[in-house]
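A.B. asks: Provided below for reference: sequence and predicted model.
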Amino acid sequence: MTLVLVTGGVRSGKSALAERLFDPGALVRYIATGPDRDDADWADRVRAHQRRRPAHWSNVGTLNVPAALTDAPGGTLVDCLGTWLTGVLDALAAWDAPRAVWGPEYDRKATRLVDALLAPSGDIVVVTNEVGWGLVSEHRSGRIFADELGRLNQRLAEVADAVLLCVSGQVLPVKGAAPPAGSLGRLHRDA
């Protein structure tokens, strides 16, 4: 099993990079953590991602990543931790409440997520947003998001085999070596 964390800014090319890490013929479960929205721009983003992926990849849209990882055939791509975090914080009504109210439940969910990402036998690539290169947000929700995603990214980076930073479509290995394109999932081909 290989765990790769791909991080970068919005529109940095991180999702496309994560997809290219898998062998195109491999069985891959794509776990999309984005919300269901009645938003044309969001729908266009989702369709663009779907068109780029091989048709035989299975797609699961959920915030319950640990459940989606069970019995995943071949490799798994989780895209992305930022939308997972937003959905979890929404469900916990965290944006306006003190961390003492929602923090313990969030911490359990984050630990369950990290543990689940370490459990499968197949290769896993996790996409996340890089936070913290700008000013501290004047809005509480922005500070909560950056703080929690930054902590979660650090937890995953610590246990990942490789951490890749994507900037303007270019890859910078932060930890470990960047796996060659198409190298993950070679043992998990559909017969």
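C.D. replies: Looks like it came in fine. Residues are numbered from 1 along each chain as shown.
A.B. asks: quick check: end-to-end length of stretch 159-175?
C.D. replies: The first residue of stretch 159-175 is 10 Å away from its last residue (Cα to Cα, to the nearest Å).
A.B. asks: now it: buried residues?
C.D. replies: Neighbour-count burial for stretch 159-175 flags 160, 162-166, 171 (criterion: 16 or more other Cβ atoms under 10 Å). Just so you know, the C-beta spots here come from the backbone N, C-alpha and C atoms, and that holds for glycine as well.
A.B. asks: just those residues now: which is nearest P104?
C.D. replies: Among these, A160 lies closest to P104 (Cβ to Cβ), at 25.5 Å.
A.B. asks: OK, contacts around the closest one?
C.D. replies: 3-5, 126, 175-176 (Cβ atoms under 8 Å, 6 or more residues apart in numbering).
A.B. asks: in terms of pLDDT, where does it sit?
C.D. replies: In this prediction, A160 carries a pLDDT score of 96.
A.B. asks: ok, the one 10 residues further on next?
C.D. replies: Here the pLDDT value assigned to Q170 is 91.
A.B. asks: need the phi and psi values for it.
C.D. replies: Here is the backbone geometry of Q170 (degrees, to the nearest 10): phi -110, psi 150.
A.B. asks: any figure for the gap between P179 and P104?
C.D. replies: 36 Å (Cβ to Cβ, to the nearest Å).
A.B. asks: cool, E19 as well?
C.D. replies: From E19 to P104 the distance is 35 Å (Cβ to Cβ).
A.B. asks: these two: which is more packed in?
C.D. replies: Neighbours per residue, other Cβ atoms under 10 Å: of E19 and P104, the larger number sits with E19, 22 against 10.
A.B. asks: what's whichever strand or helix holds the more buried one in contact with?
C.D. replies: Secondary structure from DSSP states H and E places E19 in helix 14-20. Helix 14-20 has contacts (Cβ under 8 Å, 6+ apart) with 4, 6-8, 49, 52-53, 77, 79-80, 125-128, 164, 166, 169, 171, 181-182.
A.B. asks: tell me the mean pLDDT for the helix or strand following that helix?
C.D. replies: Using DSSP H and E, the helix or strand that directly follows helix 14-20 along the chain is strand 28-32. For strand 28-32, mean pLDDT rounds to 91.
A.B. asks: which of the contacts of helix 14-20 are buried? Put it as a PyMOL command.
C.D. replies: Filtering the contacts of helix 14-20 down to the buried ones (16+ other Cβ under 10 Å) takes a single PyMOL command:
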select buried, resi 4+6+7+8+49+53+77+79+80+125+126+127+128+164+166+171
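A.B. asks: and the contacts of helix 14-20, which of them are in strands?
C.D. replies: For the contacts of helix 14-20, the ones inside strands are 4, 6-8, 77, 79, 125-128, 164, 166, 171, with DSSP state E as the criterion.
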